[in-house]
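1. Structure of the sequence below:
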Amino acid sequence: GALTNVERPADDAFIAMFNSAQTIIRLALQDLGPVCIPNTKIPLPGTSWPKTYFAALGKAIWERGVDVEILLSNPASVPGSLTPLEGAYGNGWDCNDVSAELIKTIKEEFPDAEDDDLRQKVSDNLRVCFIREECGNTWEDGMTMGMHAKHFIIDDIALYIGSQNLYVCDLAEWGVVIDDEEKVKAMMDEYWNPMWEHSFTGEDVDVDAVMDGLDIDRNGADPSEIDDETLEMMKQAELANAGCAKLDVYGSEDD
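-> The predicted structure follows:
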C-alpha cells in the first residue's frame with residue numbers, strides 16, 4: 001500500500017496477480033487494516049484500508065467465484081516480552097472487520113448485489129482466521145500468537161513472499177515472486193498447509209456480524225481535527241508498529 005500518490009509497481013503487480021486468479025487466493029499476513037491506537041479499534045487519523053487490494057479480491061470472489069483464504073495475527077499480539085507500546089504483530093482488527101471491509105468493496109463495485117448473495121459469498125468463498133498451532137492460539141505465558149508474514153499464493157502455482165505489508169504502509173520494501181508450480185507446492189507443504197490446517201476452525205468469522213458491520217466506518221479521522229493527546233497516542237502507535245518504541249537508541253526529542 002502507499003500513502004502518497006506516486007507510481008507503485010509492486011502494488012500494481014500484486015493487483016495483477018489477484019486479477020489473474022481463477023480458483024483460489026491464499027494470504028498469510030500480519031494484518032490488513034490500518035494501524036490503531038494500541039488496545040483499541042481506533043485507527044490512526046488519516047489512515048485507511050487498502051481498497052485497491054480489497055477491490056481486486058472482492059471482484060475475484062464475485063465475478064469468478066474465486067476462494068479467498070486469509071490468515072492473520074491475533075489482535076494485540078506482541079513479540080517476546082514487549083508491551084503493545086514497544087512492538088505489535090497485529091493492528092487490532094478482528095476477522096469480521098476484515099471480512100466486512102472486503103465485502104464493502106463488492107457492494108461498491110456491484111451496487112445491485114443482493115444481501116443474500118453477498119452473505120452466500122461470505123459463507124462459501126471467503127475464509128478468514130487467526131493463526132493457531134495445534135495447542136491453540138496462545139503461548140504458555142498467555143500472550144496470543146502473532147506473525148510477521150507478508151505472503152500470498154495464487155491458484156497454488158505462483159506466490160509472493162517478502163517484506164511488503166498489504167495494509168497501507170509507505171515503506172521501502174523487498175520481495176520475490178516464485179512462478180513455478182513444483183516449488184510453490186513444496187513451500188505450501190512445508191509452510192501454508194500445516195499452518196492453515198491448525199488455524200482455520202471456522203470460529204473467527206460470524207456471517208451476521210460481517211453483514212451487520214458493512215455500515216461501520218473503520219477509517220481514521222481527519223488529521224486536521226486531532227488534539228494533542230491523540231497526537232501523542234499516534235506517535236506511540238507508529239513507533240510500536242515500527243518496533244522501535246521506548247528503545248534508548250532512538251533518543252528523545254530533547255537530544
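
2. Flag the shaky bits of this protein, pLDDT-wise.
-> Residues of the chain that meet the criterion pLDDT under 70 lie in 1-7, 83-87, 170-171, 233-255.

3. any chance you could map the helices in it?
-> For the chain, applying DSSP state H gives helices covering 9-20, 51-64, 95-109, 115-124, 181-187, 193-199, 207-212, 228-242.

4. May I see the buried residues of stretch 63-83?
-> 66, 68-78, 82 (16 or more other C-beta atoms under 10 Å). Every residue, glycine included, has its C-beta placed from N, CA and C.

5. nearest to Glu133, of the helices of the chain?
-> Closest approach to Glu133 among the helices of the chain is made by helix 193-199 (5.5 Å; C-beta to C-beta).

6. Make TSV out of the buried residues of stretch 63-83 and add distance to Arg127.
-> Converted to TSV, the buried residues of stretch 63-83 look like this (distance: C-beta to C-beta, whole Å):
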residue	distance to Arg127
Val66	12
Val68	7
Glu69	5
Ile70	7
Leu71	9
Leu72	12
Ser73	16
Asn74	16
Pro75	18
Ala76	22
Ser77	20
Val78	26
Leu82	30
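
7. just curious, which of those residues is nearest to Leu27?
-> Proximity of the buried residues of stretch 63-83 to Leu27 (C-beta to C-beta) peaks at Ile70, which lies at 4.8 Å.

8. Run through the bridge partners of the closest one.
-> Bridge pairing for Ile70 (DSSP bridges) gives the partners Leu27, Val128.

9. Isn't it up against Ile131?
-> No. Counting by C-beta atoms under 8 Å, Ile70 stays clear of Ile131, with 10.9 Å between them.

10. Which among the helices of the chain is found nearest to Leu27?
-> With C-beta to C-beta as the measure, helix 51-64 is the member of the helices of the chain nearest Leu27 (8.5 Å).

11. what angle sits between that closest one and helix 9-20?
-> Per axes from the mean of the first three to the mean of the last three C-alpha atoms, to 10 degrees, the angle that helix 51-64 makes with helix 9-20 is 10 degrees.

12. Just the CA trace of helix 51-64, in CSV.
-> The C-alpha trace of helix 51-64 is given here as CSV (Å, rounded to 0.1, in the frame of the first residue of the first chain):
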residue,chain,number,x,y,z
LYS,A,51,-9.2,-0.6,-1.1
THR,A,52,-7.4,-1.3,-4.3
TYR,A,53,-6.3,-4.7,-3.0
PHE,A,54,-9.7,-5.4,-1.5
ALA,A,55,-11.5,-4.4,-4.7
ALA,A,56,-9.4,-7.0,-6.6
LEU,A,57,-10.1,-9.7,-4.1
GLY,A,58,-13.8,-8.8,-4.0
LYS,A,59,-14.0,-8.9,-7.8
ALA,A,60,-12.3,-12.3,-7.9
ILE,A,61,-14.9,-13.6,-5.4
TRP,A,62,-17.9,-12.0,-7.0
GLU,A,63,-17.2,-12.4,-10.7
ARG,A,64,-15.1,-15.5,-10.9
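
13. From the rest of the structure, what touches that helix?
-> Residues from elsewhere that reach helix 51-64 (C-beta atoms under 8 Å, 6 or more residues apart in numbering): 1, 11, 14-15, 18-19, 21-22, 25, 32, 66-68, 101-106, 108-110, 113, 121, 125-126, 166.

14. want to throw the helices of the chain into TSV with distance to Ile153?
-> Shown next, in TSV, are those (distance: least, C-beta to C-beta, whole Å):
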stretch	distance to Ile153
helix 9-20	10
helix 51-64	13
helix 95-109	17
helix 115-124	20
helix 181-187	7
helix 193-199	10
helix 207-212	24
helix 228-242	25
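
15. how about these, which one is nearest Ile154?
-> helix 9-20 (5.2 Å).

16. contacts for the closest one?
-> Contacting residues not belonging to helix 9-20 are listed as 1-2, 25, 52-53, 56-57, 59-60, 152, 154-155, 158, 160, 164, 166, 173, 175, 177 [C-beta under 8 Å, 6+ apart].
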